[in-house]
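> Dropping the sequence and predicted coords here.
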Number of protein chains: 2
Amino acid sequence: MRFSRLFAPTLKESPADAEIPSHKLLIRAGFIRKKASGLYDILPLGVRVLLKIERIIREEMNKAGAQEVILPIMHPAELWIESGRWDAYGKEMIKFEDRHGRNYALGPTAEEMITDLVRKEVKSYKDLPLNLYQIGRKFRDEIRPRFGLMRAREFIMKDAYSFHASDEDAEREYWNMYETYSRIFSRMGLQFKAVEADTGEIGGSFSHEFMVIADTGEGKLVFCEKCGYAASTEKAEAVKPQIPENRESLFREIEKVSTPNVRRIEEVSEFLNVPQDSILKLLVYIVDGKPVAVAIRGDKDVEETKLKNVFKAKEIRLATDEEIEKFTGQPKGFLSPINLSIPVYADYSVIPMVNFVAGAGEKDYHLKNVNWERDFKVEAFVDVAEVKGGEPCPKCGNPLTEKRGIEVGHIFKLGTKYSEAMNATFVDENGEEKPIVMGCYGIGVTRVMAAAVEQNYDENGIVWTPEIAPFEIIVIPVNVKNDEIRETAEKIYEELKSKGLDVLIDDRNARPGFKFKDADLIGIPIQVIVGKKISEGKVEVKVRKTGEKIEVPVEEAIERALETLRELQVR
Amino acid sequence: MRFSRLFAPTLKESPADAEIPSHKLLIRAGFIRKKASGLYDILPLGVRVLLKIERIIREEMNKAGAQEVILPIMHPAELWIESGRWDAYGKEMIKFEDRHGRNYALGPTAEEMITDLVRKEVKSYKDLPLNLYQIGRKFRDEIRPRFGLMRAREFIMKDAYSFHASDEDAEREYWNMYETYSRIFSRMGLQFKAVEADTGEIGGSFSHEFMVIADTGEGKLVFCEKCGYAASTEKAEAVKPQIPENRESLFREIEKVSTPNVRRIEEVSEFLNVPQDSILKLLVYIVDGKPVAVAIRGDKDVEETKLKNVFKAKEIRLATDEEIEKFTGQPKGFLSPINLSIPVYADYSVIPMVNFVAGAGEKDYHLKNVNWERDFKVEAFVDVAEVKGGEPCPKCGNPLTEKRGIEVGHIFKLGTKYSEAMNATFVDENGEEKPIVMGCYGIGVTRVMAAAVEQNYDENGIVWTPEIAPFEIIVIPVNVKNDEIRETAEKIYEELKSKGLDVLIDDRNARPGFKFKDADLIGIPIQVIVGKKISEGKVEVKVRKTGEKIEVPVEEAIERALETLRELQVR
């Protein structure tokens, strides 16, 4: 491809609404353009990346025995009504009517559509298992779309759904997909972790998220370098501490202290000169409409997804100040667990606490030497704290490592949630009719492109891994008006092309600095620079990732470029 | 691929609502399933065909210098309002609101979306030309979807749009696309014709349709085997006849004859014993709300698209019986051009007519020896008859050939219709701001699949061309319980796969007849049948298209299969 013909409008400045590197860089480097809130045009460079991502996904899914289908984007409402999600899905699902007044959704996910297909065709256990996938557009009407492709309203997704005659077979396929996803993201050259994850809205019995590691990621994960345990912090389990032996013998008497205007844990800690882990944090949540107090060690944070799962709740949220007063009769910031009119659930971290500080239930006062059981009733000890780096691994006790990441894939063992709701059954070996056991497996294709940038960029632009780069090599003649430079560059370009490489030549009549900036910004892994030294028979091979430049004789340029590319691919 | 794992549910019977061969066969052979009116699930066999079609399109479009983009399916209403098509497009466009009440359309075509992208990025003639295309879902809410993929509400289309600094350059690209489309359909192994076509709703100055030849096609075309002229009958021009010399000298006196209950041309012809081409057919059309009489030779048909274009009308339709009475005061079936209160436009075919029969303007009477000009005024002679096979070519006079076909591609020279409406301009060499000149080019991807079947099927099923077949070769062991048969078939299968061929093995434990029926129905070009003769070291190679079967020694099977495949590809 010739840069002079390429539609890749690069920009000097980032757009004002771009907050994260991938959003800024994909726009600046001419990969995408915003069409409207949460809607993006993908330009030729972006399409090249997406086609490579899709190709890797397609090859690995096919190899794993999955088969590609294409389902309509227009989803008839009846199917969503059957599954119970027509109303439950909420406002993220776009609904519309056709000219005859029939209702449809723009598919945000396709469990209903695929279950409908399979229930009509599958009769017997002999027709199972099946794993069907599609790669295509999905729609979620985010209330505030942001972060570019990361949280767009229209995006490309690979969604797969598997169907089985038994739970064991569904589990076998789950791990087949786990391995397949690992191969897919490895082949893309990305650093990632598969972590145990919350099953969320989709439902089902267990799931893993595939997270691309990046400091800018919205998600957090912890993993154990010793035993391999890895989990999203939405799911990561804390080790349940022991109750201190003879704890009653340690109890001191409650002491009420004046703490004027001292509310937050940090303030209490400083004012009373006690460490944060000796203070009880008490929060009021509204769990499916009912108030609940959650006690947690002062230095810890509640992980709301874990809390939601503990209560098997549909919706949880922090109570407002007014609600706190109304439900407890106590002022916010001085809440006491003692004589509290709503139930207190305590995080595991409270178990070992003895003689701790808590609110006094009246403004400007705290209590010292409070003890659970002696002074207040704990409804139950629950695991609701966010697990952090350095805490012990729940499997082996080794300290956990914490990272941020971007969810790019998610696999679920669904069970029979959809097959039961939609009457998708099969007849087993014994002639018995049973619901089909399902799994589902998604990859955010456009999101992978953004996540790859979040993981691989520097101050000069994007640094693509060779496997998904829009081009593998860019040839840069620094001055196209110099015949020797231009002709050498063209020769190298043609030869690289003839070897089957994806090559771009910057044949534009522009200043060298301008070309170098664009090449770095776009992030093609290898640059072959043909400059003035051509008079001595030399060209430069530059590695975008390291900035390393080596001068080589022109006849070695191609071999060196290929070798460097291979080194990047091996990693 | 193994048939035992393939999700290809074949059926013995065609669905009741399937009217045409492609609809019946694609469902019966397990390529598609109906989800709802005009919406289809595409199953793995169908996806395999579509991916091959898309690959050919992508390769040829890229080779031609076009660049792939991906535009949102959600089209903001503002853009369609700007072009004036938000209201004009009509009910075929599906409209909806997002959660904030903003309006969108589900893209039926993307002139507005792409023009919006290009107008923001293109400033100068140096940024031109550009040809951008996408392959993706389109939506048209047909009032009565039918014919399966042929006229679905959701379908896959390749749409390309080109942008130019001059009319000449737009024309150059038009012919570039003409050649590219010819290569695309040739590579698919389809018989097709590029025909001059009506520009329809899209507008623009001229256009060609690419029609796949098939007896079941909805479209008609005529072409000249001598000079190459080819046109859709919606566009095909008639040769303008000469006015007979001394025609007045031939005039006879008008004679009124009783024709009780004789209305239609065939009836009049029989009753009066005059040939149909001596009778004047008079029709009343409502052209943009106004009544107009159209006179045409009795054996000819009005081509309404040509008529619409003659009047540059938005809408034309035949008048109802009531309207005819109201506007002419004459009874239907006996309309006379004489003293008619509405203007008479006469088709070219009327020019040579002398002493013809026409209605008398009163019930149960006709007139003989009517002559135009002497007896009634012709507003204008116009070319509105459907050109038929056997008529002279308008370019060279040679008799035309007539065929039916299916429109699978359409190219348009758009001009500045959209760029002017949407203010998409560029600055030319002289610093002058000008509207960008555009072209647009579409291929109905899912429709190509259906059209390929309409052209290539027989009583046993589909006959795919090798280039777009879901598999190139199927290996059929007639009995998988026979070790020698099974193992030989597996060996042939593996060897064909290792040569990079797309192979299916029917490894199902089923009767030979059942397997043969499925193989024929699905339509894979070459069958390698491993049967009992394996004991003599022989297998059969069958060509699906001809039914020809040859027995070959097992060691020659692969070579013979490949050779036969190549022969089919050369054609």
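Yep, it's here.

> A:Ala346 contacts A:Ile296, correct?
Yes: under the criterion of CB atoms under 8 Å, A:Ala346 makes contact with A:Ile296 at 7.4 Å. The C-beta positions use only the backbone N, C-alpha and C, and glycine is treated the same way.

> Show the pLDDT at the nearest residue to A:Glu454 once chain neighbours are set aside.
Take A:Glu454 and drop its neighbours on the chain: the residue closest to it by CB to CB, 6 or more residues apart in numbering or on different chains is A:Ala214, 3.9 Å away. Looking at A:Ala214, its pLDDT reads 96.

> in what helix or strand does the closest residue to chain B within chain A lie?
Of all residues in chain A, A:Phe96 sits closest to chain B, at 3.5 Å by CB to the nearest CB. According to DSSP states H and E, A:Phe96 maps onto strand A:94-97.

> Quick check: neighbours of the helix or strand that that strand is followed by in the sheet, parallel or antiparallel?
Next along the chain after strand A:94-97, taking DSSP H and E as the criterion, comes strand A:103-106. Paired with strand A:103-106 in the same sheet, following DSSP bridges, are strand A:74-76 (antiparallel), strand A:94-97 (antiparallel).

> ok, now how distant is the residue of chain A closest to chain B from B:Lys91?
13 Å (CB to CB, to the nearest Å).

> Compare neighbour counts for those two and give me the winner.
Neighbour tally, A:Phe96 and B:Lys91, criterion other CB atoms under 10 Å in any protein chain shown: the higher count belongs to A:Phe96, 17 against 13.

> was I right about the more buried one contacting B:Met93?
No: shown here, A:Phe96 and B:Met93 do not form a contact pair, counting by CB under 8 Å, at 11.5 Å.

> Show me the residue at the heart of chain A, geometrically.
Nearest to the geometric centre of chain A sits A:Glu407, at 1.4 Å (CA atoms, centre = their mean).

> State the pLDDT value of that residue.
Note on A:Glu407: pLDDT of 96.

> sec struct for it, please.
Secondary structure assignment for A:Glu407 (DSSP: H, G, I helix; E, B strand; the rest coil): strand.

> what's the spacing between stretch A:484-493 and its chain's center?
With CA atoms, centre = their mean, to the nearest Å as the basis, stretch A:484-493 stands 43 Å off its chain's centre.

> got it, and stretch A:450-468?
Distance of stretch A:450-468 from the chain centroid (CA atoms, centre = their mean) equals 17 Å.

> Pull out the buried residues from the helix or strand where A:Glu59 lies.
Under the criterion of DSSP H and E, A:Glu59 resides in helix A:44-63. The neighbour-count check on helix A:44-63 (16 or more other CB atoms under 10 Å in any protein chain shown) flags A:44-50, A:52-54, A:56-58, A:60-61 as buried.

> How about stretch A:297-314?
Within stretch A:297-314, the residues that count as buried by 16+ other CB under 10 Å are A:297-300, A:302-311, A:313.

> Quick check: A:Lys34 is in a strand.
Yes: applying three-state DSSP, one finds A:Lys34 inside a strand.

> and the residue nearest to A:Val344 when sequence neighbours are not counted, how far is that from A:Leu340?
Leaving aside its chain neighbours, A:Val344 sits nearest to A:Ala293 (4.5 Å; criterion: CB to CB, 6+ apart). To A:Leu340, A:Ala293 is 6 Å away according to CB to CB.

> Let me know the pLDDT of A:Gly203.
For A:Gly203, the pLDDT comes out at 58.

> shaky segments in the stretch 451-571 of chain A?
By pLDDT under 70, the weakly predicted segments of the stretch 451-571 of chain A are A:571.

> Spell out, range by range, the strands that occur in it.
Applying DSSP state E, counting those that start in this stretch to the stretch 451-571 of chain A gives strands spanning A:457-458, A:461-462, A:473-477, A:503-505, A:526-530, A:538-543, A:549-553.

> How about the residues of the stretch 151-300 of chain A by chain B?
Proximity of the stretch 151-300 of chain A to chain B, by CB under 8 Å from any CB of the partner chain, involves residues A:Arg153, A:Glu154, A:Ile156.

> how many other residues sit next to the nearest residue to the first one once chain neighbours are set aside?
Closest residue to A:Arg153 apart from its sequence neighbours, by CB to CB, 6+ apart: A:Gly38 at 3.4 Å. Residues near A:Gly38, counting by other CB under 10 Å, number 25.

> Equivalent analysis for A:Val387, please.
Other residues lying near A:Val387 total 27 when counted by other CB under 10 Å.

> for the closest residue to it other than its chain neighbours, what are its contacts?
Among residues not flanking A:Val387 along the chain, A:Ala236 sits closest, at 3.9 Å (CB to CB, 6+ apart). Residues near A:Ala236 by CB atoms under 8 Å, 6 or more residues apart in numbering or on different chains: A:Glu196, A:Leu221, A:Val222, A:Glu386, A:Val387, A:Pro394, A:Leu400.

> And the last one, how far from A:Glu234?
It refers to A:Leu400. Distance of A:Leu400 to A:Glu234, computed by CB to CB: 15 Å.

> so where do the strands sit in the stretch 301-450 of chain A?
A:316-318, A:344-347, A:356-359, A:365-370, A:380-382, A:401-415, A:425-427, A:433-435, A:437-444.

> Can you check which residues contact both of A:Phe96 and B:Met93?
Contact criterion CB under 8 Å, 6+ apart; residues shared by A:Phe96 and B:Met93: B:Leu106.

> Next one: A:Pro244 from B:Ile42, what distance?
Here A:Pro244 is placed at a distance of 64 Å from B:Ile42 (CB to CB).

> Settle it for me: which of those two has more neighbours?
Higher neighbour count among A:Pro244 and B:Ile42: B:Ile42, with 24 against 13, using other CB under 10 Å.

> was I right about that one contacting A:Gln67?
No: applying CB under 8 Å, one finds B:Ile42 not in contact with A:Gln67, separated by 11.3 Å.

> Dihedrals phi and psi, the residue nearest to A:Val344?
Backbone geometry at A:Ala293, expressed as degrees, to the nearest 10, gives phi -90, psi 140.

> Specify the beta-bridge partners of it.
With DSSP bridges as the criterion, A:Ala293 is bridged to A:Val284, A:Val344.

> Quick check, it in contact with A:Leu335.
Yes: between A:Ala293 and A:Leu335 there is a contact under CB under 8 Å: 7.4 Å.

> list the residues that contact both of these two?
A:Leu282, A:Val284, A:Thr328.

> from what I can see the second one touches A:Ile342, true?
Yes: using CB under 8 Å, A:Val284 and A:Ile342 qualify as a contacting pair, with a distance of 7.2 Å.

> what is in contact with these two at once?
Going by CB under 8 Å, 6+ apart, residues that sit against A:Val284 and also against A:Ile342 are A:Pro291, A:Val292, A:Ala293, A:Phe327, A:Thr328.

> check contacts around the first one.
A:Pro291 makes contacts with A:Val284, A:Tyr285, A:Ala319, A:Glu323, A:Phe327, A:Thr328, A:Ile342, as judged by CB under 8 Å, 6+ apart.

> Swap in 6 Å and give it another go.
Residues near A:Pro291 by CB atoms under 6 Å, 6 or more residues apart in numbering or on different chains: A:Val284, A:Phe327, A:Ile342.

> And A:Glu209, by the same measure?
A:Val195, A:Ala197, A:Ser232, A:Glu407, A:His410 are the contacts of A:Glu209 under CB under 6 Å, 6+ apart.

> For those residues, point out the one with the lowest pLDDT.
On pLDDT alone, A:Ala197 ranks lowest of the contacts of A:Glu209, at 88.

> What sits closest to it if chain neighbours are left out?
Leaving aside its chain neighbours, A:Ala197 sits nearest to A:Glu209 (3.8 Å; criterion: CB to CB, 6+ apart).

> and the one you found, which of the three is it?
Quick answer, by three-state DSSP: A:Glu209 is strand.

> what is it paired to in the beta sheet?
Assigned bridge partners for A:Glu209, using DSSP bridges, are A:Val195, A:His410.
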